[in-house]
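J.: What follows is a predicted protein model with its sequence.
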Amino acid sequence: MSKTVRTRFAPSPTGFMHVGNLRTALYEYLIAKSLGGTFVLRIEDTDQERKVEGAVDIIYNTLRRAGLIHDEGPDIGGNYGPYVQSERKDMYLPYAQELIKKDKAYYCFCTKERLDMLRENSDEPGAGYDRHCRDLPAETVEENLRNGVPYVIRQKMPLEGSTTFEDAVYGTITVENSELQDQILIKADGFPTYNFANVIDDHTMNITHVVRGSEYLSSTPKYNLLYEAFGWDIPVYVHLPLIMGKNDDGTISKLAKRHGATSFDDLVNNGFLPEAIINYIALLGWAPKDNREMFTLSELTECFSIDGISKSPSVFDYDKLEWFNGEYIKTMTVEKFAEVCEPYFKKALGDKQLDSIKLASILQQRTTKLTDIPEKIAFFAEQPDYDKELFVNKKSKTTLENVPSLLKAGIDALEALSSWDHDSIHDCLIGLAETLGVKNGTAMWPVRIAASGMTVTPGGAVEILDILGREEALKRLHKGLEKLS
RNA sequence: GGCCCGGUGGUCAAGCGGCUAAGACACCGCCCUUUCACGGCGGUAACACGGGUUCGAUUCCCGUCCGGGUCACCA
């Protein structure tokens, strides 16, 4: 009988969800779900100084909108609560004291000032703590404790030898123990450090797979030493390659604000669909066995496996995300698309009421970012002032000489129309081209320009006329004719 | 700087000793067409470098170079 797989997403409430974090959450979710396991949410708020109001809600909202539903967490409970570290505060000290008893940790009374001085006086970057309190006489420790001297608890690293661990994606990694700092376990405020709380929580919550960014690769030996000191089973480590951004000079570095939108909310506000974001980031650092690219979350759950995770960092490509977004937009029903377009329609049209289904249908094939919509349809609300040169188009064979009569003929034909709908308008204009003996484009171009005032529009003359409605459409056409005379 | 990790086209990436080195995005061209898109077809473009091992290295080993990460009472 093998243990149930349990993964956890353990963000700290910083106020926004970086895509790197989101991808970590996604992979944690996928590893758990693909193995029939449990996905846990734990909030890591041990840094009391960096608390951000409302930050936890952002985590809930993001996870929910992304579809990464957790099985246990602060909001829904579970058998391993509490799921907020600050509420677990009292659990950690006893574990640290146990370590002291085992001679794997020690009290340190060094002041922050002394530590700062140490750093300043050192010429080597990363010189670290000098282990000043590591071998304090027991009596001194007792006395300091009795007198209430502030202290931290530090991990006692072996001075010799090396520590080796297995990572599911990076393989065997060995680090010399001499490289390891005597890191702090319990801070002066009584809170555990991230590293310590992590180990205690992961163990007490029965986490089987520790999934996190590769920035933790080099500190993992410290974790292992802790597990060993307690005599606990070591979890499966799954370190993920980092997500990078491309700088203007061509170099890359950790994805940051200057590269563009970096949080889930930013991306959504920039017109990207949650499904597209998830699909895209799933493929940033993981590849399926086949060539498939389009995946819903449940399809990902079926196909995901740890051995498809790559080792090298990947650059976040907004172009590719846009492509995914366009693909998702195209697979929606028009009704659904019209629904997500609603706020953007409103922004462009204000109070003006137009058929949103018709608008949506001309936009669906040409939209990759929802935020592009307003400027594409603004001309429906208000026709821009345009130059009559727009009527001239070589490919459509329209010139300032033939356009007036072309447009006049179009107006006459359209005014004779008894019903104003897509098919009638279409047949009317196509018929006109035929009777005039010109190409469809030659008859359409002047009409579309006069109706829109733009050379490039979503949809053609027929669609625009239809959406505009008879009255407004004819009004614009006549105005166009005046402009030409 | 020490340590850890990585290095296939501009980007994401297959590949896991023998291939004309996939595919996708982006870019370019052609077709379709009522502008633009969509769609279809085609094209440019890659194994960082040097040594080994081997009959044979993109693939295994070593070195160099380059890139990233990490060295907090932050997570």
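T.: Thanks, I have it.
J.: Surely A:Gly245 is in a helix?
T.: No - under DSSP: H, G, I helix; E, B strand; the rest coil, A:Gly245 falls outside any helix and is assigned strand.
J.: Settle this for me: it is touching A:Lys257, isn't it.
T.: No - applying CB atoms under 8 Å as the test, A:Gly245 and A:Lys257 come out as separate, 9.1 Å apart. The way it works is simple: take the backbone N, C-alpha and C, and place the C-beta from them, glycine included.
J.: and these two? which has more neighbours close in?
T.: Between A:Gly245 and A:Lys257, counted using other CB atoms under 10 Å, the more crowded position is A:Gly245 (19 against 10).
J.: how about the residues of the stretch 351-485 of chain A near RNA strand B?
T.: A:365-366, A:395-396, A:426, A:429-430, A:439-441, A:444-445, A:448, A:455-463 (CB under 7 Å from any atom of the strand).
J.: Quick one: buried ones out of the residues you listed?
T.: Of the members of these, the ones counted as buried by neighbours, 16 or more other CB atoms under 10 Å, are A:396, A:426, A:429, A:441, A:444-445, A:448, A:457-463.
J.: shaky segments in the stretch 351-485 of chain A?
T.: Applying pLDDT under 70 to the stretch 351-485 of chain A picks out no residues at all.
J.: who touches A:Met157 in this structure?
T.: Applying CB atoms under 8 Å, 6 or more residues apart in numbering, we find A:Met157 in contact with A:Asn177, A:Leu180, A:Gln181, A:Asp182, A:Gln183, A:Lys222, A:Leu225.
J.: With secondary structure as added columns, please give the buried ones among the residues of the stretch 351-485 of chain A next to RNA strand B in CSV.
T.: Listed next are these as CSV, based on three-state DSSP:
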residue, secondary structure
A:Ser396, coil
A:His426, helix
A:Leu429, helix
A:Gly441, helix
A:Met444, helix
A:Trp445, helix
A:Arg448, helix
A:Thr457, coil
A:Pro458, coil
A:Gly459, coil
A:Gly460, coil
A:Ala461, helix
A:Val462, helix
A:Glu463, helix
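J.: Looking at these, spot the one nearest RNA strand B.
T.: Of all those, RNA strand B sits closest to A:Gly460, with 2.3 Å by CB to the nearest atom of the strand.
J.: List the residues that contact A:Thr62.
T.: By CB under 8 Å, 6+ apart, the contact set of A:Thr62 is A:Met17, A:Leu22, A:Phe264, A:Asp265.
J.: then the helix or strand containing it to PDB, C-alphas only?
T.: Using DSSP states H and E, A:Thr62 sits in helix A:55-66. This file holds the C-alpha atoms of helix A:55-66, laid out as PDB (Å, rounded to 0.1, in the frame of the first residue of the first chain):
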ATOM      1  CA  ALA A  55      -3.500  39.400   0.200                       C
ATOM      2  CA  VAL A  56      -5.000  36.100   1.200                       C
ATOM      3  CA  ASP A  57      -8.100  36.900  -0.700                       C
ATOM      4  CA  ILE A  58      -6.100  37.400  -3.800                       C
ATOM      5  CA  ILE A  59      -4.700  34.000  -3.400                       C
ATOM      6  CA  TYR A  60      -8.100  32.400  -3.000                       C
ATOM      7  CA  ASN A  61      -9.500  34.300  -6.000                       C
ATOM      8  CA  THR A  62      -6.600  33.500  -8.200                       C
ATOM      9  CA  LEU A  63      -6.700  29.800  -7.400                       C
ATOM     10  CA  ARG A  64     -10.400  29.700  -7.900                       C
ATOM     11  CA  ARG A  65     -10.400  31.500 -11.200                       C
ATOM     12  CA  ALA A  66      -7.600  29.400 -12.400                       C
END
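J.: following that helix, which helix or strand comes up?
T.: Once the chain leaves helix A:55-66, the next helix or strand it forms, by DSSP H and E, is helix A:89-101.
J.: Using neighbour counts, pick out the buried residues of that next one.
T.: A:Lys89, A:Tyr92, A:Tyr95, A:Ala96, A:Leu99, A:Ile100.
J.: repeat for stretch A:337-348
T.: The neighbour-count check on stretch A:337-348 (16+ other CB under 10 Å) flags A:Phe337, A:Ala338, A:Cys341, A:Tyr344, A:Phe345, A:Ala348 as buried.
J.: Same check on stretch A:207-219?
T.: Buried, per 16+ other CB under 10 Å, within stretch A:207-219: A:Ile207, A:Thr208, A:His209, A:Val210, A:Val211, A:Arg212, A:Gly213, A:Ser214, A:Tyr216, A:Leu217.
J.: swap in stretch A:249-261?
T.: Of all the residues in stretch A:249-261, those buried under the rule 16+ other CB under 10 Å are A:Leu255, A:His259, A:Ala261.
J.: related to what we said a few turns ago, so which of the contacts of A:Met157 would you say is closest to RNA strand B?
T.: Using CB to the nearest atom of the strand, A:Gln181 is the member of the contacts of A:Met157 that sits closest to RNA strand B, with 5.4 Å.
J.: Tell me if I'm right that the closest one and A:Asp130 touch.
T.: No - A:Gln181 is not in contact with A:Asp130 according to CB under 8 Å; the separation is 10.4 Å.
J.: pLDDT wise, what is A:Pro125 at?
T.: For A:Pro125, the pLDDT comes out at 65.
J.: need the residues of the stretch 51-200 of chain A near RNA strand B, please.
T.: Residues of the stretch 51-200 of chain A found near RNA strand B (CB under 7 Å from any atom of the strand) are A:110-112, A:115, A:119, A:124-126, A:128-129, A:150, A:152, A:170-171, A:173-176, A:179, A:181, A:183-184, A:187-189, A:191, A:193-195.
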